[in-house]
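Participant: Provide a 3D model corresponding to the input given below.
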Amino acid sequence: MLKRSVRAAAILFAALAVVFVDGPVRGTSAAADTEPRAELAPIKQLQARLLTERARARMQRTREAVKKHGKNARIVRNRRPRAETLTPAEQQARQARFRQGVEDFRTQAALVPNVRANDRTTDVTPASTQSEESIAAWGRYVLVAWNDGEVAGATPPNNDVTGYAFSTDSGATFTDGGIRPKGFNWTWVSDPLVTVNEKTGTFYFCALADSQGGFSGVGIVSATFTGNTFNWGTAVMVRKVSPVLALDKPWVVADSTSNSLYVSYTTFTFTGYDHIQFQRSPNGTNWTPAVTLSAASDSGLVQGSRPVVGPLGEVYVIWYVIGPTTVDFLKMRKSTNAGSTFGTPVTVPTGGNPALGFYANWGTGAPGFNRERGISFPGIAVDRSGGPNRGRVYVT
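Facilitator: This next block holds a predicted model:
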């Protein structure tokens, strides 16, 4: 454990040295690129740089492929899982401890047995990986989506790396559906989300998508159940962008009060700036232009947005902001007209005082989490019941 801590500290120190050599991460206003943000503490500069690295890497691969091959460029995604560093004996011991823990918890909580949603027999290798799961349920119907690392070696448009499964018996059993419909030359690449309209029972699958034609973006497709039959609708793009931009971390929610759909995501520029943007649709097909919700002063420091709907159709969008020194912040905006306009941003209070911020523990990771980055994106829910706390917003 001590050796691992020393090694992690050495890696973090080396990364900081790179920041000092290359210069700090740059922030910007909405109007123009400004000088690097000298007011950020060195550790926060590194945090902001790593926040954008995945989006910048995606843009770089797309630009290079389009430059070399033109609009027919094939952009290969490598979603291969990390190599396991434990010995076989250590892996077996860890799995045994995990199984025992599950059994103990099941006994205490009187839970029904766990059910596997994905079909492992279709995996290419034993190392195939499913992650970033999302789930939605309506009555006895359930839809699950996930990132799927089993097709990392394929080429576009056949290298989709998201999977899904559905259940018609309240989650007692699942059918792995493989790859969902998409547009011409699309590739579903990451960050799958599902939601359902509570009144109509229409489900929606939303995820990042790339194309051979040199664009990327956020795609969405509806789904319905007829008896025990699962039916997909027609996939459309919420938004697509050229290689000078990249969209990341989309989140979707269905509003049963107006049958509208809301999607928020992070938009990155090739030079490292970013902002939270929002779009809405009355039907899942036609989408309004993107509007920016995050402040210009936070550009380059935001990520992980999530929209949610209240009982009267109120729309809340929350996101994560890297602070300039030790603490970070969660900021939120509210709309009372189905996402047409939003109120001014507010900082979610911490300890009753929004100025306090919170410690994301970035650079360490959570207890038992063998990665150096603390992931502190917000979760949000609204009480939609008929009880005394109807309309109350909860943030984690």
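
Participant: C-alpha from now on. contacts and neighbour counts both.
Facilitator: OK.

Participant: helices and strands of this protein: which one bottoms out on pLDDT?
Facilitator: Counting by mean pLDDT, DSSP states H and E, the weakest-scoring helix or strand in the chain turns out to be strand 26-28, with a mean of 31.

Participant: pLDDT weak spots in this structure?
Facilitator: Across the chain, the ranges flagged by pLDDT under 70 are 1-39, 65-86, 91, 94, 98, 101-111, 150-158, 365-367, 369-372.

Participant: how about 50 then?
Facilitator: Within the chain, the segments meeting pLDDT under 50 span 1-36, 74-84.

Participant: residue contacts, the residue nearest to the spatial centre of it?
Facilitator: Most central residue of the chain, judged by C-alpha distance to the mean C-alpha position with CA atoms, centre = their mean, is residue 249 at 3.5 Å. Neighbouring residues of residue 249 by CA atoms under 8 Å, 6 or more residues apart in numbering: 191, 208, 265, 266, 303, 304, 305.

Participant: just to check, the first one is in contact with residue 265?
Facilitator: No. The pair formed by residue 191 and residue 265 falls short of the contact definition of CA atoms under 8 Å, at 10.6 Å.

Participant: how about the strand or helix carrying residue 334: buried residues?
Facilitator: With elements delineated by DSSP states H and E, residue 334 resides in strand 329-335, which encompasses its position. Applying a neighbour-count criterion of 16 or more other CA atoms under 10 Å, one finds 329, 330, 331, 332, 333, 334, 335 buried in strand 329-335.

Participant: now these as TSV including distance to residue 50?
Facilitator: Rendered in TSV, the data for the buried residues of strand 329-335 read as follows (distance: CA to CA, whole Å):
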residue	distance to residue 50
329	17
330	18
331	20
332	23
333	26
334	29
335	31
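
Participant: quick one: the strands in the stretch 201-350 of the chain, in order.
Facilitator: Residue ranges of the strands in the stretch 201-350 of the chain, as given by DSSP state E, counting those that start in this stretch, are 203-211, 216-226, 229-232, 236-241, 245-255, 260-269, 274-281, 291-292, 302-309, 315-321, 329-335, 346-347.

Participant: farthest from the middle of this structure: give me that residue.
Facilitator: Of all residues in the chain, residue 89 has its C-alpha farthest from the mean position, at 33.9 Å, by CA atoms, centre = their mean.

Participant: thinking again about what came up before, the strands of the stretch 201-350 of the chain: which one's closest to residue 63?
Facilitator: Distance to residue 63, taken as CA to CA, is lowest for strand 245-255 among these, at 10.2 Å.

Participant: show me the helices in this structure, by range?
Facilitator: Remark: helices assigned in the chain by DSSP state H are 2-22, 42-69, 88-109.

Participant: residues near residue 45, how many?
Facilitator: Residues lying near residue 45 (other CA atoms under 10 Å) number 27.

Participant: and residue 116, its phi and psi?
Facilitator: According to degrees, to the nearest 10, the main-chain angles of residue 116 amount to phi -80, psi 130.

Participant: and the residue lying closest to it once chain neighbours are set aside, how far from residue 118?
Facilitator: Distances taken as CA to CA, 6 or more residues apart in numbering place residue 174 nearest to residue 116, at 7.4 Å, with adjacent residues excluded. With distances taken as CA to CA, to the nearest Å, residue 174 is found 8 Å from residue 118.

Participant: tell me, what's touching the two both at once?
Facilitator: Jointly contacting residue 174 and residue 118 under the rule CA under 8 Å, 6+ apart are residue 165.

Participant: list the contacts for residue 51?
Facilitator: Contacts for residue 51 were tallied using CA under 8 Å, 6+ apart; they are 301, 303.

Participant: I meant residue 193, not that one.
Facilitator: Counting by CA under 8 Å, 6+ apart, the residues that residue 193 touches are 133, 134, 135, 145, 205, 206, 207, 250, 251, 252.

Participant: how about the residues you listed, which pair is most distant?
Facilitator: In terms of CA to CA, the contacts of residue 193 reach their longest pairwise distance at 135 and 250, which sit 14.9 Å apart.

Participant: hmm, back to that, and which of the contacts of residue 249 is nearest to residue 346?
Facilitator: The shortest approach to residue 346 among the contacts of residue 249 belongs to residue 305, at 14.1 Å (CA to CA).

Participant: can you tell me the closest non-neighbouring residue to the closest one?
Facilitator: Sequence neighbours aside, residue 319 is the residue nearest to residue 305 in space, at 4.0 Å (criterion: CA to CA, 6+ apart).

Participant: again with residue 219
Facilitator: Of all residues apart from its sequence neighbours, residue 237 sits closest to residue 219 (CA to CA, 6+ apart), at 4.3 Å.

Participant: count of neighbours near the one you found?
Facilitator: Residue 237 has 22 neighbours, counted by other CA under 10 Å.

Participant: going forward, begin numbering at 877 instead of 1
Facilitator: New numbering, starting at 877: the last item is residue 1113.

Participant: any idea how far it lies from residue 1163?
Facilitator: In this structure, residue 1113 and residue 1163 are separated by 9 Å, where distance is defined by CA to CA.

Participant: tell me, what's touching the two both at once?
Facilitator: Taking CA under 8 Å, 6+ apart as the contact definition, residue 1113 and residue 1163 share no neighbouring residue.

Participant: returning to that earlier point: can you redo the contacts of residue 1069 as JSON lines with neighbour count and distance to residue 1216?
Facilitator: Listed next are the contacts of residue 1069 as JSON lines, based on neighbours: other CA atoms under 10 Å; distance: CA to CA, whole Å:
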{"residue": "1009", "neighbour count": "17", "distance to residue 1216": "30"}
{"residue": "1010", "neighbour count": "17", "distance to residue 1216": "27"}
{"residue": "1011", "neighbour count": "17", "distance to residue 1216": "27"}
{"residue": "1021", "neighbour count": "28", "distance to residue 1216": "29"}
{"residue": "1081", "neighbour count": "24", "distance to residue 1216": "23"}
{"residue": "1082", "neighbour count": "27", "distance to residue 1216": "21"}
{"residue": "1083", "neighbour count": "27", "distance to residue 1216": "23"}
{"residue": "1126", "neighbour count": "27", "distance to residue 1216": "19"}
{"residue": "1127", "neighbour count": "25", "distance to residue 1216": "18"}
{"residue": "1128", "neighbour count": "27", "distance to residue 1216": "16"}
